[in-house]
Each structure stands twice: as C-alpha cells, then as structure tokens.
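1. Requesting a structural model of the entry that follows:
(2 chains)
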Amino acid sequence: MSAVKQGKSRYGMVIDLDLCTGCGACMVSCASENNVPPAQKGTTERTGLTWMRVAKAENGLPFPESRGVFFPVLCQQCGTHTPCVAVCPQQAVDVDPETGVVGQMAERCLGCRYCMVACPYHARYFNWNDPVWPAGMEKTLNPAVATRMRGVVEKCNFCHGRLQAAKAKAAAEGRRDLHPGEYVPACVEACPAGAMVFGDLNERTSDVAQAAADPQAFRLLEKLGTGTKVYYKSRHDWVRRMGRDGKEA
Amino acid sequence: MLLAFGVYALARCLILGLNQTNMDNRFAFGLWIFLDLTVIALGAGAFFTGFLLYILRRHELKSVINSAVVIGFICYSGAILLLMVDVGQPLRAWFTFWYPNVHSMLTEVTFCITCYLMVLAIEYVPVILKNRKLRYIPSFLCFEFELHKLMYVLAGVGTFLSFFHQGSLGGLYGVMQARPFAYREGFFIWPSTFFLFIASAMAAGPSFLVLTTMLVEKISGKRLVEHSVLSLLGKISGMILIVYVFLKSLDTMVWINHTSPSAGVEAYRYYQWQPFGSWILFAEIVLFGLAPALILMNKSKREDMRWLVSAAALVCSGIALNRFVLTIQTLSLPSLPFDPFLSYSPSWQESAAFLAVVAYGVLIYSFSYRYLPLFPQERDLEASHVSH
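-> Alright, predicted model coming up:
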C-alpha cells in the first residue's frame, strides 16, 4: 500500500445505494462519535440534530413495479463552489486545503443560519435547544470531540476527531503520512452492509477513487456545480437520474 | 400593552432560545427575515428623499424629509432589533466586524446597515433639536445650524450606504448558486437581484411615505403637507417602478430560459407546488408592479388622493410580496427529489416580537409628531385652513 501525502488529499466517500438497507447504523454511530445530543421533548424531524439522515425515495410506480431506495445524506463536502463557505459572514466555515474537508467552527458561529439556507442538501443543523444528555449518558461522550452550544450550526466534518487521532498516531510513530484506512469516519466503519467506501479521491489507486470513477457513480444535483466529494452508486438508472438530476422518478 | 407583550416574547426567544419560534432546519429563515427585508425596503424613503432633496435639490420635498428620516430610523432600528433576536448567538454579533468574510453578502449588509443607522441617528438629531423648548437653548440652536450644513454630506453617505445594503439584501438570496429558485446571474460580483432590490426599494420608499403621511393626516384630522408634494412622491415612485418592472421582467425571462435550466431545474417545476402557482409571478410583476406604475404615471390619477393612496398601497404590497417570494417560497421548495415541499407558519412569539417592533415604531413616530416639527408645512396649512 502506498502512503498518502498530506497536503494533497481530497477526502471523499462513495455510497453504494444498492447495498444500503436503510438500517440507520451510520446515523447512530455518527451521533455517538460526534457527541450529537439525543432529541429532547418537543423536537421534531425538522428541528432535531443528526449529521446524517437516511432518506427514502421511491420510483413512484404501482406494484409490482414499485421500487425504493435509501439515500444516506450527509454534508456533501462541496469542492468547487462551496455555498456555505461563501455566505458565512464571519468565516466560521472553511475548506481545509490539506484535506478538502468543509469544517464548521461552532465557537465562531453567529447562528444566523445563512449557510443552512444556502445548502441545497439540507445537511446543516441548528442547535435550537441547549444540548442535554440524560443522567449517566454523559459518560458516553467522546472526549476527542467538543460539544456544541445552543444557537450555533453544526454538520458532518468526516469525523474530524478521527483525522486528528490518526495524525497524532502517525506523528508518534515518526510518520508524516497516513496509511490508507488509518482514517475512516464512524459511519463507514459502522455500515454493516459495507455500502460505504472512504478515502483520498486524489489517490487514483484507492478504492474510493476507483469507485467514484465507476460509470454507475454519480453525485447529488450535479448541475449545481458544487463539486461534491460524496458520491453515490447504483446500477438502477432511475436512482441515478433521480439523484443526479434532482428529478422525481 | 402590545409593546410589553412583544417584549415578553422577545425575552423568551433570547432567554429560552430560538426553539420558541417555528423555524426549523429547512425553514432556517422565517417571518423575521421576510419582514426585515420588507421593512428596510419601505424605509428606503429616508435615503431616497434625502438624495432628491439635498443632492438633486428638489426643494419641495423639504416638507416630508423630517418624517422620512424618522420613518427610516424606525424601520432600520426595528429591523436590527429583530435581527439581533433572530441570530442564535447575539453576543457574537461583533465577530462579523472582527472576522469579516468579505465574500458574504451578509457581511456587507451588516456593515452598511450599522453605519446607515448611525447616519439616520445623526440626521434625526436636528429634527429633535427643532423641538419648541429645546430651541430656547442657544448652544443646541448653534449645533443644529452646524449639523444642517453637514446634511448634504450625510445625504450623500446615506445614499451610498443605502445603495449597497439594499442591493446586498437582494444579493443575499441572489448569490445562492446552489438554490436555483433564488439564484440569479448578474454583473461582476453582484447578482441581478442586487440591482432589482435597489430599484424596488427606491420605488417603495416614496410610496410608503405617501401612505404614512395620509394616515397621519387622517388620524390627526389636519392637513400636513401640500398634496402636490404627495403626488410628486407618487410620480417619482411610479417612474422608478416602471423601470423596475421592465428590469424585473427581463430578469425573469433570463432566469426562466437560461439561469434555472442550466442549474438543472426547468422553471415551471417551481410553480407546480401549490399554493405557489405561476399566479404569484403574475401578481408580483403585473398586479403589484405594472398596474400601480401606470396609475402613478397618469397625472390626473395621481392627483386624486384616493387613486394615489391605492396605488401607493399596491406598490408597498408588491414589495412585500417580492420579499416574501424570495425568502419564504425559496425555502419551502424542495431541492432534493426525495424531500417534501414544506410549509411554515410563525409561532406566537415570532408574531408578537414583530408586533412589538410595530408598536415601538408607532410610539416613536407619535412622540416625534407630537413634539417635533415632522411636517414643517403643517402650521401654514392649518393657518390657511382656519382663515378660510
């Protein structure tokens, strides 16, 4: 295995929709990895926090032709035109030039929610309430990830805590570069169907780069020109058309 | 009463958080942003009247400038107040000045609105100093005299700042490349909505001034301003509105035929989601745009106060509808095919907070009318009325 040079990485993900069963393990592992607080009383689907949601889509045909698919939607890590970065008035959102990951600084965020309005993937979430963990559950908090306060926006950052941990481990071993597979987000690790592949898209021989180059791979709403780094894959034409063009089947 | 109730609602939002509103992760902007945009457009009368009076020397507008400044001050301070409650972390507002992202339209809006509120406050001072009692203090009189000399500069600065923030408010949505319903191409870094917002605010400002002046005349039962001044305001409003309607129609055609399809969405799809059918586009451009513009351009119609007021009301409603479409309709439309069309209705806290701002505005205006010479012609007009 060749080592990945830091500073030239472009981390991305490919999700095979034909393998996804919609079990939601990615959502749960994401929440527990990133200290996303549990929903409080009165929270709805529209006001809750989840960095990853699994949306169901259907082809709209009657039985027996009816088909369904699950789209796990997380921050798509836009590359060429990053809508949230451009609009944030106080630079609380940035793209890490070393990794290509779009980061959100909760401590800098004003909570104006302009980024949420600008995001076409609805992958950003606002802390409408103070985060509360039920008694005893605070012991499960991940010490590598800071919790967020009320009134700020948060979103997926490809498990930034894990990247830092991998970098620290590499440094301790005297390496400047990460081995492929050394840094993997929680959702990818948790997926029981193995539907998600993660890695450096710039590394042409990597699994993720090869999966992204597959003719069956596509990105959500490609014509928007956001240059996302999360790819989806399906052998079904209607799924590809739906995701890529944003048109209902 | 209303003010106290609204302040209670505002306090709840500040202390308990924005969970008091009905906004959510997709409807991240709600009633407040829609009204902020509307109110700031209606308050444009202050800068535009100032520009016409001090820079273009339309001296007949002197009789409404004080009222225009007070309305502008109320609109801007009210909007900023609501914005401060609307953000999740109001205490971090200064971050925008300290870590500004120069690419963000919201940065431009924040800078210009804050500066312009200061300009309005300074413009308000000479009006206050004209109070009957305060005039007896010689130093105040001197200060007022000196400030008056500055008015040309302030009007210039105000016009410059207003151009930018009215435009940036339009740019706020126009730059969102990934939301094809709102996104517009434009000139250099500014989307077309930047220029359309400036034009529409310039059209709405004088119309709102006509409406408020007529309302105060009705309530006080007095003649406050020569009606020729009001029809002049109507004419100005109509002239700009006709330009706006032309530009807006052009912009809509480009958007339907080029901008939106190249982002992957044929424009007709937006109007398949009820209740926002294509009627809303027709209402915005023809009913609340072309129709009042034609009324105001007609001399005999605009000199008839009933026609003038109706047309001015249509102009102001049209601006509100335009802001509604851009803020609320944009957010209700789904961008991903598996997401639903959403509806939103404001919570009582959101409505009460806005009503508090209205109550605050009415109070400030009433006190200003009672104690300050908002309408310099009032006394002469009353005297001639009595002598008749």
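2. Find the closest residue to chain A in chain B.
-> Sorted by distance to chain A under C-beta to the nearest C-beta, the residues of chain B start with B:Gly88, at 2.1 Å. All C-beta spots, glycine's among them, are computed from the backbone N, C-alpha and C.
3. Got phi/psi on that residue?
-> Backbone torsions of B:Gly88, given as degrees, to the nearest 10, read phi -70, psi -30.
4. again with A:Ile15
-> phi -110, psi 120.
5. can you pull the buried residues of the top helix by length along chain B?
-> Across chain B, the longest stretch assigned as helix under DSSP state H is helix B:138-174. Residues of helix B:138-174 classed as buried: B:140, B:144, B:147, B:151, B:154-155, B:157-159, B:161-174 (neighbour count, 16 or more other C-beta atoms under 10 Å in any protein chain shown).
6. need the contact list for A:Ser234.
-> By C-beta atoms under 8 Å, 6 or more residues apart in numbering or on different chains, the residues touching A:Ser234 are A:Asp16, A:Leu17, A:Asp18, A:Val69, A:Gln216, A:Phe218, A:Arg240, A:Gly243.
7. Now rank these by neighbours and give me the top one.
-> Among those, the one with the most neighbours (other C-beta atoms under 10 Å in any protein chain shown) is A:Gly243, at 25 neighbours.
8. so that residue makes contact with A:Gln216?
-> No: with contacts counted by C-beta atoms under 8 Å, A:Gly243 stays clear of A:Gln216, the gap being 11.3 Å.
9. So which of the contacts of A:Ser234 is the closest to chain B?
-> So of the contacts of A:Ser234, ranked by how close each gets to chain B (C-beta to the nearest C-beta), first place is A:Gly243, at 7.6 Å.
10. Show the secondary-structure elements that the helix or strand where the closest one lies is packed against.
-> Assigned by DSSP states H and E, A:Gly243 belongs to helix A:237-245. Packed against helix A:237-245 by the contact rule (3 or more C-beta pairs under 8 Å, 6 or more residues apart in numbering or on different chains; DSSP states H and E) you find strand A:217-218.
11. what's next to the strand it packs on, contact-wise?
-> A:Val14, A:Ala211, A:Tyr231, A:Tyr232, A:Lys233, A:Ser234, A:Arg240, A:Gly243, A:Arg244.
12. Now tabulate the residues you listed in TSV and tack on pLDDT.
-> Shown next, in TSV, are the contacts of strand A:217-218 (pLDDT from 0 to 100):
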residue	pLDDT
A:Val14	97
A:Ala211	95
A:Tyr231	97
A:Tyr232	97
A:Lys233	96
A:Ser234	96
A:Arg240	94
A:Gly243	93
A:Arg244	91
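13. out of those residues, which one sits closest to chain B?
-> Once C-beta to the nearest C-beta is applied, the member of the contacts of strand A:217-218 that ends up nearest chain B is A:Gly243, at 7.6 Å.
14. and the closest one, how far is that from B:Phe338?
-> 9 Å (C-beta to C-beta, to the nearest Å).
15. Report the set of residues contacting both of the two.
-> Residues touching both A:Gly243 and B:Phe338 (C-beta under 8 Å, 6+ apart) are A:Phe71.
16. Next, the closest residue to A:Trp133 other than its chain neighbours: phi, psi?
-> Leaving aside its chain neighbours, A:Trp133 sits nearest to A:Pro37 (6.0 Å; criterion: C-beta to C-beta, 6 or more residues apart in numbering or on different chains). The phi/psi pair for A:Pro37 (degrees, to the nearest 10) reads phi -70, psi 150.
17. how close does A:Pro37 get to B:Thr213?
-> Per C-beta to C-beta, A:Pro37 is found 53 Å from B:Thr213.
18. Between those two, point out the one with more neighbours.
-> B:Thr213 (25 against 21).
19. Spit out the contact partners of the more buried one.
-> Per C-beta under 8 Å, 6+ apart, neighbours of B:Thr213: B:Val64, B:Ser67, B:Leu224, B:Val225, B:Leu230, B:Phe375.
20. residues of the helix holding A:Gly243 that come out buried?
-> A:Trp238, A:Val239, A:Arg240, A:Arg241, A:Met242, A:Gly243, A:Arg244, A:Asp245.
21. B:Thr96 and B:Gly167: what is the separation?
-> 18 Å.
22. A:Thr50 against A:Val36, yeah?
-> Yes: counting by C-beta under 8 Å, A:Thr50 touches A:Val36, with 6.5 Å between them.
23. overlap in contacts of the two?
-> Contacts common to A:Thr50 and A:Val36, judged by C-beta under 8 Å, 6+ apart, are A:Cys30.
24. what does the stretch 201-350 of chain B put close to chain A?
-> With C-beta under 8 Å from any C-beta of the partner chain as the criterion, the stretch 201-350 of chain B meets chain A at residues B:Ser262, B:Ala263, B:Gly264, B:Val265, B:Thr330, B:Leu331, B:Ser335, B:Leu336, B:Pro337, B:Phe338, B:Asp339, B:Leu342.
25. Model confidence at the residue lying closest to B:Ser220 once chain neighbours are set aside, what's the number?
-> Leaving aside its sequence neighbours, B:Ser220 sits nearest to B:Tyr369 (C-beta to C-beta, 6+ apart; 7.6 Å). Listed pLDDT for B:Tyr369 reads 88.
26. With B:Tyr183 instead?
-> 92.
27. Same question for B:Leu308.
-> For B:Leu308, pLDDT reads 93.
28. relative to helix B:138-174, how tilted is the helix or strand containing it?
-> Under the criterion of DSSP H and E, B:Leu308 resides in helix B:305-324. Helix B:305-324 runs at 50 degrees relative to helix B:138-174, counting by axes from the mean of the first three to the mean of the last three C-alpha atoms, to 10 degrees.
29. Helix B:305-324 - contacts with which helices or strands?
-> helix B:31-42, helix B:192-220, helix B:227-254, helix B:291-297, helix B:299-303.
30. And the third one, what's buried?
-> The one in question is helix B:227-254. B:227, B:229-242, B:244-245, B:248, B:251-252.
31. Looking at B:Leu290 now. What's its pLDDT?
-> Value for B:Leu290, per-residue pLDDT: 93.
32. oh, I was asking about B:Leu342
-> pLDDT, B:Leu342: 89.
33. for it, what are its contacts?
-> A:Arg46, B:Arg26, B:Phe27, B:Leu331, B:Ser332, B:Pro334.
34. That one sits in which helix or strand?
-> Here B:Leu342 is assigned to no helix or strand, by DSSP H and E.
35. Please, where are all the helices along chain A?
-> Going by DSSP H, chain A shows helices at A:25-33, A:83-87, A:114-118, A:160-172, A:186-190, A:207-212, A:237-245.
36. how about the second one, does it get close to chain B?
-> Going back to what we said before, that points to helix A:83-87. Yes: Helix A:83-87 reaches chain B (C-beta under 8 Å from any C-beta) through A:Pro83, A:Ala86, A:Val87.
37. So what touches that helix?
-> A:78, A:93-95, A:102, A:114-115, A:117-120, A:124, A:226, B:103-106, B:175-179.
38. The fourth one too?
-> With C-beta under 8 Å, 6+ apart as the contact definition, helix A:160-172 has outside contacts at A:33-34, A:99, A:101, A:103, A:142, A:144-145, A:176-179, A:182-186.
39. Got a PyMOL select line for the buried ones in the residues of the stretch 201-350 of chain B next to chain A?
-> Typed into PyMOL, the line below selects the buried ones among these, using 16+ other C-beta under 10 Å:
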select buried, chain B and resi 263+264+265+330+331+335+336+337+338+339
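40. would TSV of the residues of the stretch 201-350 of chain B next to chain A with secondary structure and distance to B:Cys75 be doable?
-> Below are those laid out as TSV (DSSP: H, G, I helix; E, B strand; the rest coil; distance: C-beta to C-beta, whole Å):
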residue	secondary structure	distance to B:Cys75
B:Ser262	helix	37
B:Ala263	coil	34
B:Gly264	coil	38
B:Val265	coil	34
B:Thr330	helix	23
B:Leu331	helix	23
B:Ser335	coil	32
B:Leu336	coil	37
B:Pro337	coil	40
B:Phe338	coil	41
B:Asp339	coil	35
B:Leu342	coil	29
